Each structure stands twice: as C-alpha cells, then as structure tokens.
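Asker: Whatever this is, show me its structure:
(chains A and B)
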Number of protein chains: 2
Amino acid sequence: MMNSLEKYNERAKKINSLLCVGLDADFSKIPERFLKLEFPQFEFNKYIIEETNEYVAAYKPNIAFYEARGDQGLKELKMTMEYLQQKYPDIFTILDAKRADIGNTNNGYVYMAFDWLNFDAITLHPYLGEEALKPFLDRKDKTSIILCRTSNSGAGEFQDLEIEDKKLWQIVAEKVSNIWNKNNNCMLVVGATYPEEMKKIRSFVPDMTFLVPGIGAQGGDVKSVIESGLNKEGLGLIINSSRGIIFADNPKEEARKLFEEIKKYRALS
Amino acid sequence: MMNSLEKYNERAKKINSLLCVGLDADFSKIPERFLKLEFPQFEFNKYIIEETNEYVAAYKPNIAFYEARGDQGLKELKMTMEYLQQKYPDIFTILDAKRADIGNTNNGYVYMAFDWLNFDAITLHPYLGEEALKPFLDRKDKTSIILCRTSNSGAGEFQDLEIEDKKLWQIVAEKVSNIWNKNNNCMLVVGATYPEEMKKIRSFVPDMTFLVPGIGAQGGDVKSVIESGLNKEGLGLIINSSRGIIFADNPKEEARKLFEEIKKYRALS
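Answerer: Here you go, the predicted structure:
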C-alpha cells in the first residue's frame, strides 16, 4: 500500500507543482448559474476541478462550507470526492476539518474522512495530545496534518506562548516530528502569513511536509513561502489557495498563474 | 432573548439536577432492535430521551457518532433535535463537535450548530485564539464551550506545559473568563478525571460553568467533581455521562442513580 505522503510527492513531481486548490464551495459565493442546479456545490466543484486539475497536486475542501448545508452539503462533498477519485485518482486530497476528539470518539471522524469520503489526509487540532489522536495516527495509509502555526491574525494568542525558550508552535512541531510521526504519516499546518516562523519550523523538522494556507486573500506571499519552507528535495510544501482561484472570473488562469509562480521560485531555490 | 446559560440554570434549578446525558448513539453499540428501523440513531435517541428526560438538565450528542454515518447520520441528528425541541424545549442542548477554524470559515459551523440544528451550545478548541472564534463568540444567544482541561489520559501533553508559573490550561481558563467572555456566553470543558485541576480552575474563574465529561466509563467520580467544581450558587457544573447511561440495560435507572448521587453531594456541599 502506498503511503499517502508518497502519493502527494509523486503527483507533485509528475506535474512539477506544489499547488493545492481549496474547494471551499461557499454557498453565498458560488456563481448564480450553479445555484439553479440540483447539486450546486458538486457542480461548482466539478467545474473548478475541470478548470484547474492540470496545475494541481492536491485539492482541499473545507468541510465547514458543506456542513453549513447540513446533510445535503455532506452528500455533495461525497459526490465531489467520487468524481475526483474516478477522474483524477493521483491527485492528493485533504479534508480540512480541524477535528480532534478523545480516543475512540475519533473513530467516527476517521471513518467519515478516510473511508466514507476516502480522503488521503485530514487536518487536526493538537490540544488533546497524541494519545487522543491515536485512531488517526494509526492509519498508516492516511495522513494526519496537525495544526502548528495557523495563518490567522490572532494565531499567536496561544501559539506564541513561551515554554522555557520555545514557543508553543515549536513544541507542537517537535513533538509531531519526533514522537507522533512513527508511521511517517504526519504533516504540519504552517500558515503562509508567518514566513519567519516557517523558516524556524523548517530548521527543526527538515523533512516534514507543511500544508500552507494563507496565500492570496489572506495576504501570504509565494516567494517567501518557497524560500522559507522548501525541504532539501525541493518538496515539503502544499501551497493552498482557495478564494483567489475558485471565485475568480477565470479560475483556470488564476491556477495557472500561481502554478507558474511556484515553479519560478522553486527553480530559483 | 434569554441567554442560553440562563436556560441551563433555569432547567437545573427547576428539576434540581446538573445531569447531562451524552446522546452518543454509536452505531456499533445501539441495541439490535433499533438497527432494523429506518432511522436507528434517531429512534434510539428518542428512546433514551423518553427514559431519561425527567432527570436531565442537558443533552449532549457528540457529532462524531453521526458523521460516522455521513449525510444519513446528520439527518438523524437533526430529527433528534427537532424531537427534543418540540417535546422538551427547556432542556439545554450541547453539540459536542470540538470545532474551530479561522474567521469566516467558522460561519459554516455556526450556522450548522446554532441555526440548522438549533443547539444552545457547541464545544470548541482554543488553539486558534479568540480572533478566529469570533463568529461563535458573537452569538450572544448561544454558548461557546472552550476545551480547557480535557478528560483523556494524555491531556497533559500540551495542556500541562508551563508558561512562567502557569499551566496552559490555566491560561486558557483565564483568557476565556477575562477576555473572551464579553457576552457572558462562554463555558469551559473541564474533565471529571482531573479534580485537582478542576479545583484550581474554579478558584481562578469563580462564576463560570464547566461542562464535565469523564464520569462513569472514563473513571471520573461525582463526589470529587461536586466538591471541586460547584460555584457559590451551587451551580456551575454540567455533569455528563454517556455510555454509562445510554448503553445500560436500564437507562432510566442509571440516569436516576446519577441524578440522586449528584443531588446528594450537592446537598452536602
């Protein structure tokens, strides 16, 4: 069985891209023409996938936009995943769900994300510790992506707290890398909006892959992300853009531009 | 508009109970007779609600057990909430979802939990900070219950880290109480399995209400919870039991026993 991290790396190498498109099909922003259809979020995603797939190493729907529509939204997320897996099975898929419960309760989320929806990866909160997250971490075939340094402006409230000489985000990065990652199936979320922190995290965890939100609408910058976060294989980054691509007048063109920008700075690194 | 904390306190006083029953309708544990029905989780919940409501101040389904069944599970959770609101509208309802995303992305969860499902409260991770959780905190009519000291055995991995002389859980408790709670709509999750920590948290935040998981199957003890956590009005606790009641041969009798035990120790305090 292929480890899902290898799946990402293979796709990234094959199309020479570290681009992830966030399938955040916000119902209040989907173009009018989709709203008349029976499955608007699915149809919108299908359109975005067809426009962007050639540039894309990963897709990342945030489940909040689907749960906003209750059971109907979950159904359309499942339709989206079935479509993706059938047409583009080598693209890495991340469920941005920011889950974490205690012990066996997580089995419900594990099943939903990894089996029912068949995602390769899920994002998780670290606060409850490794012991709580075991049901995710035990899935050797899937990837657990732990929130480390998030992209929001108030991220520092807890994440910057200092424990002896280390910020909390450094402790999270080190614990995940040195202890939680026994199955080589962990990644970290490191926001594009904090390139200095990203550079430090890269120095502590030279090999790990970072999921990087915050490019585009949130103000993160591709050049500094590539300079701060690339690992020694020229990989180690999953660079996400959501709104900036999917709600653009021409999503294909926006995806292509970001793809080219990532390629350019990688070549310079 | 009644603040939802007042709703809890009124119900607690009216029936002289701090008992919360966790509607964790784990599909693999629901009695056989329900599995044959069209909506097994809903029918099971209806049965538990009818057996236990006279002793119950709050119900708390953990959404992981419903999401394990995809869109069908969400639908049955909605049916459960519609039933509850129609028959027992004065019982406080908590969606144990342990969510937290950044900024506006949370709107999806806010809508799902507070509007579509119409819960009074939701549980949330603190890691992203107050700024990220604003969409929840701004809902003056609803309650945000922030994870502080969780009940799992590995809870200390991050929560016990020391920042100067304070544990991380103390900083979470103080920030939520002193800064986040502007609308008087926050509570804290404090596990029954750590009564010493609960006693300290009570001393820092004398008035706040704690949601207390970990009684019963997880090993927490009612006596020490009441002694450690009651506030000066003899309230301030929502004491949850899930498996120990709902999967008992006689859920009504188990609920009654816990109700009586809580009443006894409250009277002694």
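
Asker: how about the residues of the stretch 1-150 of chain A near chain B?
Answerer: In this structure, the stretch 1-150 of chain A approaches chain B at residues A:24, A:62-68, A:70-72, A:74-75, A:78, A:96, A:98-103, A:105-109, A:111-112, A:116-117, A:125-132, A:147, A:150, judged by Cβ under 8 Å from any Cβ of the partner chain. C-beta coordinates here come from the backbone N, C-alpha and C atoms, glycine included.

Asker: Neighbour count says what about those? Which are buried?
Answerer: With neighbours counted by 16 or more other Cβ atoms under 10 Å in any protein chain shown, the residues of the stretch 1-150 of chain A next to chain B contain buried members at A:24, A:62-68, A:70-72, A:74-75, A:78, A:96, A:98-103, A:105-109, A:111-112, A:116-117, A:125-130, A:132, A:147, A:150.

Asker: following the helix or strand where A:Lys98 lies, which helix or strand comes up?
Answerer: With elements taken from DSSP states H and E, the one containing A:Lys98 is strand A:92-99. Sequence order places helix A:106-110 as the next helix or strand after strand A:92-99, per DSSP H and E.

Asker: Run through the helices of the stretch 151-269 of chain A in chain order.
Answerer: Taking DSSP state H, counting those that start in this stretch as the criterion, the stretch 151-269 of chain A contains helices spanning A:156-159, A:168-178, A:195-204, A:222-229, A:243-246, A:251-268.

Asker: what's around the residue nearest to A:Lys60 when sequence neighbours are not counted, how many residues?
Answerer: Counting by Cβ to Cβ, 6 or more residues apart in numbering or on different chains, A:Lys60 lies nearest to A:Ile94, which is 4.1 Å off, once chain neighbours are set aside. Here the count is done by other Cβ atoms under 10 Å in any protein chain shown, and A:Ile94 has 27 residues near it.

Asker: repeat for A:Leu37
Answerer: A:Leu37 is flanked by 12 other residues according to other Cβ under 10 Å.

Asker: Contacts only, for it.
Answerer: When contacts are counted by Cβ atoms under 8 Å, 6 or more residues apart in numbering or on different chains, A:Leu37 is found next to A:Glu43.

Asker: and it, backbone torsions?
Answerer: For A:Leu37, the backbone dihedrals are phi -80, psi 170 (criterion: degrees, to the nearest 10).

Asker: Give me the below-cutoff pLDDT ranges for the stretch 1-150 of chain A.
Answerer: Low-confidence segments of the stretch 1-150 of chain A (pLDDT under 70): A:1-2.

Asker: how about the helices in it?
Answerer: Counting by DSSP H, counting those that start in this stretch, the helices of the stretch 1-150 of chain A are A:4-15, A:32-35, A:40-52, A:64-67, A:70-87, A:106-110, A:130-137.

Asker: Give me the contact list for the longest one.
Answerer: Residues from elsewhere that reach helix A:70-87 (Cβ under 8 Å, 6+ apart): A:23, A:25, A:39-42, A:45-46, A:49, A:53, A:59, A:61, A:63, A:65-67, A:69, A:91, A:93, A:116-119, B:67, B:70-72, B:74-75, B:78, B:112, B:116-117.

Asker: Same check on the fourth one?
Answerer: Counting by Cβ under 8 Å, 6+ apart, helix A:64-67 makes contact with A:24-27, A:41, A:73-74, A:76-77, B:74, B:99, B:101, B:105-109, B:112, all of which sit outside it.

Asker: Stretch A:62-74: end-to-end distance?
Answerer: Taking Cα to Cα, to the nearest Å, the span from the opening residue of stretch A:62-74 to its closing residue is 11 Å.

Asker: Pop out the phi and psi values for the closest residue to chain B within the stretch 151-269 of chain A.
Answerer: Scanning the stretch 151-269 of chain A for the residue nearest chain B gives A:Gly154, at 2.6 Å (criterion: Cβ to the nearest Cβ). Backbone torsions for A:Gly154, taken as degrees, to the nearest 10, come to phi -100, psi 20.

Asker: and the residue nearest to A:Asn62 when sequence neighbours are not counted, what does it touch?
Answerer: Taking Cβ to Cβ, 6+ apart, and ignoring the residues beside it in sequence, A:Asn62 has A:Asp96 as its nearest neighbour in space, at 4.1 Å. Residues near A:Asp96 by Cβ under 8 Å, 6+ apart: A:Gly22, A:Lys60, A:Pro61, A:Asn62, A:Ile63, A:Thr123, B:Asp101.

Asker: Out of these, flag the one nearest to A:Val222.
Answerer: Nearest to A:Val222 out of the contacts of A:Asp96 is A:Gly22 (Cβ to Cβ; 15.1 Å).

Asker: surely that closest one meets A:Gly244?
Answerer: No. Because the distance of 9.1 Å does not satisfy Cβ atoms under 8 Å, A:Gly22 is recorded as not touching A:Gly244.

Asker: Just confirm the residue of the stretch 151-269 of chain A closest to chain B contacts B:Glu130, I think it does.
Answerer: Yes. With contacts defined as Cβ under 8 Å, A:Gly154 counts as touching B:Glu130 at a distance of 6.2 Å.

Asker: tally of neighbours for A:Phe158?
Answerer: For A:Phe158, the number of neighbouring residues by other Cβ under 10 Å comes to 23.

Asker: Distance check, it against A:Asn152.
Answerer: 12 Å (Cβ to Cβ, to the nearest Å).

Asker: Check A:Glu253 too.
Answerer: Separation of A:Glu253 from A:Asn152 (Cβ to Cβ): 28 Å.

Asker: So for the two, which residue has more residues nearby?
Answerer: More crowded of A:Glu253 and A:Asn152, by other Cβ under 10 Å: A:Asn152, with 22 against 13.

Asker: Who are the contact partners of that one?
Answerer: Contact criterion Cβ under 8 Å, 6+ apart gives A:Gly191, A:Thr193, B:Ile102, B:Gly103, B:Leu128, B:Gly129, B:Glu131, B:Ala132 as the residues in contact with A:Asn152.

Asker: Redo these as JSON lines? Include distance to B:Ser17.
Answerer: Conversion of the contacts of A:Asn152 to JSON lines gives the following (distance: Cβ to Cβ, whole Å):
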{"residue": "A:Gly191", "distance to B:Ser17": "44"}
{"residue": "A:Thr193", "distance to B:Ser17": "47"}
{"residue": "B:Ile102", "distance to B:Ser17": "37"}
{"residue": "B:Gly103", "distance to B:Ser17": "38"}
{"residue": "B:Leu128", "distance to B:Ser17": "34"}
{"residue": "B:Gly129", "distance to B:Ser17": "35"}
{"residue": "B:Glu131", "distance to B:Ser17": "36"}
{"residue": "B:Ala132", "distance to B:Ser17": "34"}
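
Asker: now A:Lys166, which residues is it bridged with?
Answerer: According to DSSP bridges, the residues that bridge with A:Lys166 are A:Ile163.

Asker: okay, now it: neighbour count?
Answerer: The criterion is other Cβ under 10 Å. On that basis, A:Lys166 has 15 neighbouring residues.

Asker: and if you look at A:Leu84?
Answerer: The burial count assigned to A:Leu84 is 21, neighbours taken as other Cβ under 10 Å.

Asker: Find the nearest non-adjacent residue to the residue in the stretch 1-150 of chain A positioned nearest to chain B, please.
Answerer: At 2.6 Å from chain B, A:Glu131 is the closest residue in the stretch 1-150 of chain A, using Cβ to the nearest Cβ. Computed as Cβ to Cβ, 6+ apart, the closest residue to A:Glu131 that is not its neighbour in sequence is B:Gly154, at 2.6 Å.

Asker: quick one: contacts for the one you found?
Answerer: B:Gly154 makes contact with A:Leu128, A:Gly129, A:Glu130, A:Glu131, A:Ala132 under the criterion Cβ under 8 Å, 6+ apart.

Asker: Tell me which residues touch the fourth one, please.
Answerer: Meaning A:Glu131. For A:Glu131, the set of contacting residues under the criterion of Cβ under 8 Å, 6+ apart consists of A:Gly103, B:Asn152, B:Ser153, B:Gly154, B:Glu157.
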